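Novice: Return atomic coordinates for the entry below.
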Amino acid sequence: MIFSLHNAYAGPGISSPDSVLNLTSWTLTLPINSNGLEQEGTKCISITNQALNAGYTSKYFYVSADTGITFWCPIDGATTSPGVGSDHPRTELVEITNRALGQYASLSAIAAVKQYPSKTNDIIIGQIHGGAAFSYAPFVMLHATAGNIIAYVKGDTTGNAGTTKYTLLQNVNIGAKVSYSIASDSTTIYFTASCPGATGTGKWSTPIPPTWAGLPVRFSAGDYVQDTGISSIDGGMITFYQLLINLKNLLPLPALSYFNVQESLHGTIRLQWSFNKPPTNVSMTVERSDYKGVFYAIKMIGSTAVNGNQYTYTDTAANAGQYIYRLKMTDDNGETKYSKTVAITIEGIPQQIRISTLIHNGISVFNSGNDCAALLYNESGKVVGKFIIKPGENTYPVAGNLFTGVYYLRVGGKVFKVLY
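Specialist: Got it, this is the predicted structure:
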């Protein structure tokens, strides 16, 4: 039978589609019936997940010479529900797992249409489809239609009432690689699409219709031709180079309601912050700037607050001087954002500092205590030097040429006048 396992269509050095795409989440619908025939009006078959991941390949589903997975579907093929549902054939991957609409989920792919069905020039290349008792019902569809990428969202589980659509891209050349994603969360459906040389916004989002809220759904992707006929050479052909399902909870990173610092006991620095909403699946890192203005991590903190939605951290930095902090927040998808920076100055110099005049673009400083940071300003308030003042008497070079005049060295909360 023509749907038996073989490697005749595999590209150079690659044995089977499962070595190119991760197929662990999928079954495969084919445009042939149980007799192996492309026969319009008959019920199609599916390749099981086990067979698919054991190396299934055929003329409908094979590794192409450019190491993608090519889906071929003739317009005379068998269909999933002839006469009572879909009368269009497909070579399409169908996700095994159903989930209630509302959990975050996304489907992303890179694909290129190589051939359109001649009458309609229309192929569905990705879907969020009804699952379980609603497996008859299409919900979200991404069409490749005559060089356009068009998103559809159906407003009901039957018929086309309330259907909305949006053209994401135009002028997509045949064979051009399109990167697309379809995602949903508890309220919204999101689409993105991009392609070199194409035009259009490439983005659209729309609310989930109330009829669909909470219903079981699953993803599908492939070559669902929107045409029928008697030809075995007319049909759709599309090659997928990437296909990924992401079920992580990618809620937007939370907004901070405040982020403050204050001096605490014995020269330590206490940081406090809170969010407008408690964060979910977010890691936080407290960062402190060094004397060169470079931030580095000093403490990683989980998303569980010590006291409700209030977070604290105590830094024992605590030589006198100025300290600058920020909070780095990262979600499960690696998206990162930062708080505003906040600065605090620890007043008082616990050690003795003596300043010599600037000589040959250098400044001589005696320090009887520990390392401390220092900034050299000109009379206009511009920083012209940054130093870490070491114990003992040392000379610190100042980059560039300094004009004769008055300069100021700030060490912690004290400022020293320096003549040059």
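Novice: Make sure Thr314 is indeed in a strand.
Specialist: Yes: in this structure, Thr314 lies within a strand as judged by DSSP: H, G, I helix; E, B strand; the rest coil.
Novice: Just list the residues touching it, thanks.
Specialist: Under the criterion of Cβ atoms under 8 Å, 6 or more residues apart in numbering, the contact list for Thr314 reads Ser264, Thr268, Ile269, Arg270, Leu271. All C-beta atoms are positioned from the backbone trio N, CA, C, and that covers glycine.
Novice: can you pick the most crowded of those residues?
Specialist: Taking other Cβ atoms under 10 Å to define a neighbour, the member of those with the most is Leu271, carrying 22 neighbours.
Novice: Which segments of the protein make up each domain?
Specialist: If you go by automatic domain parsing, the domain ranges for the chain are 17-246, 256-346, 353-419.
Novice: quick one, which of those is packed in tightest?
Specialist: When neighbours are counted by mean count of other Cβ atoms under 10 Å, the highest per-stretch mean among the domains of the chain falls to domain 17-246, a mean of 19.
Novice: avg pLDDT for that domain?
Specialist: Over the span of domain 17-246, the pLDDT mean works out to 94.
Novice: what about that domain, how long is it end to end?
Specialist: Taking Cα to Cα, to the nearest Å, the span from the opening residue of domain 17-246 to its closing residue is 20 Å.
Novice: Return the distance of it from the chain's centre.
Specialist: With Cα atoms, centre = their mean, to the nearest Å as the basis, domain 17-246 stands 22 Å off its chain's centre.
Novice: End to end on stretch 53-60, go ahead and measure it.
Specialist: Distance between the two ends of stretch 53-60: 16 Å, counting by Cα to Cα.
Novice: now do stretch 139-153
Specialist: With Cα to Cα as the measure, the ends of stretch 139-153 fall 6 Å from one another.
Novice: Also stretch 26-43?
Specialist: From the first residue to the last, stretch 26-43 extends over 20 Å; the measure is Cα to Cα.
Novice: what does that stretch rub up against?
Specialist: Here stretch 26-43 makes contact (Cβ under 8 Å, 6+ apart) with 1-3, 44-49, 52, 56, 58, 60-61, 73-74, 76-83, 87, 89-96, 222, 228-230, 232.
Novice: from those residues, which ones fall inside strands?
Specialist: Within the contacts of stretch 26-43, membership in strands is found for Ser46, Ile47, Phe61, Cys73, Pro74, Arg90, Thr91, Glu92, Leu93, Val94, Glu95, Gly222, as judged by DSSP state E.
Novice: Thr97 and Gln272: what is the separation?
Specialist: Thr97 sits 43 Å away from Gln272, going by Cβ to Cβ, to the nearest Å.
Novice: and what of Ser19?
Specialist: In this view, Ser19 and Gln272 are 52 Å apart by Cβ to Cβ.
Novice: Same check on Ala133?
Specialist: Counting by Cβ to Cβ - Ala133 and Gln272 are separated by 51 Å.
Novice: What strands line up against the helix or strand hosting Val365, and which way round?
Specialist: Taking DSSP states H and E as the criterion, the element that holds Val365 is strand 362-367. In the sheet, strand 362-367 lines up against strand 353-359 (antiparallel), strand 392-397 (antiparallel) (DSSP bridges).
Novice: among those strands, which gets the worst mean confidence?
Specialist: strand 353-359 (a mean of 56).
Novice: Quick one: list the elements packing against whichever helix or strand Ala193 is part of.
Specialist: In this structure, Ala193 is located in strand 188-194 according to DSSP H and E. Applying 3 or more Cβ pairs under 8 Å, 6 or more residues apart in numbering; DSSP states H and E, one finds that strand 188-194 makes contact with strand 138-145, strand 148-153, strand 164-169, strand 178-184, strand 203-207.
Novice: could those strands be laid out in a markdown table, adding distance to Tyr325?
Specialist: Converted to a markdown table, these look like this (distance: least, Cβ to Cβ, whole Å):
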| stretch | distance to Tyr325 |
| --- | --- |
| strand 138-145 | 44 |
| strand 148-153 | 43 |
| strand 164-169 | 42 |
| strand 178-184 | 34 |
| strand 203-207 | 35 |
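Novice: contacting residues around Asn148?
Specialist: With contacts defined as Cβ under 8 Å, 6+ apart, Asn148 is in contact with Thr167, Leu169, Gln170, Val172.
Novice: of those, closest to Val342?
Specialist: Nearest to Val342 among the contacts of Asn148, counting by Cβ to Cβ, is Leu169 at 43.6 Å.
Novice: Would you confirm that the closest one contacts Lys203?
Specialist: No: Leu169 lies out of contact with Lys203 (Cβ atoms under 8 Å); the separation is 10.3 Å.
Novice: Let me know whether Ile346 touches Glu263 as I believe.
Specialist: Yes: with contacts counted by Cβ under 8 Å, Ile346 reaches Glu263, the gap being 6.1 Å.
Novice: between the two, what contacts are shared?
Specialist: By the contact definition Cβ under 8 Å, 6+ apart, Ile346 and Glu263 are jointly contacted by Ile269.
Novice: Please enumerate the helices of this structure.
Specialist: Counting by DSSP state H, the chain has these helices, from start to end: 49-52.
Novice: Give me the distance between the two termini of stretch 99-117.
Specialist: Counting by Cα to Cα, you get 32 Å between the two ends of stretch 99-117.
Novice: thinking again about what came up before, the contacts of Asn148: which two are farthest apart?
Specialist: So, these by Cβ to Cβ: farthest apart are Thr167 and Val172, at 10.8 Å.
Novice: which residues are common contacts for these two?
Specialist: If you check Thr167 and Val172 against Cβ under 8 Å, 6+ apart, the residues they both contact are Asn148, Ile149.
Novice: where's Pro279 relative to Ser257, distance?
Specialist: According to Cβ to Cβ, Pro279 stands 12 Å off from Ser257.
Novice: nope, Asp87 is what I meant
Specialist: In this view, Asp87 and Ser257 are 56 Å apart by Cβ to Cβ.
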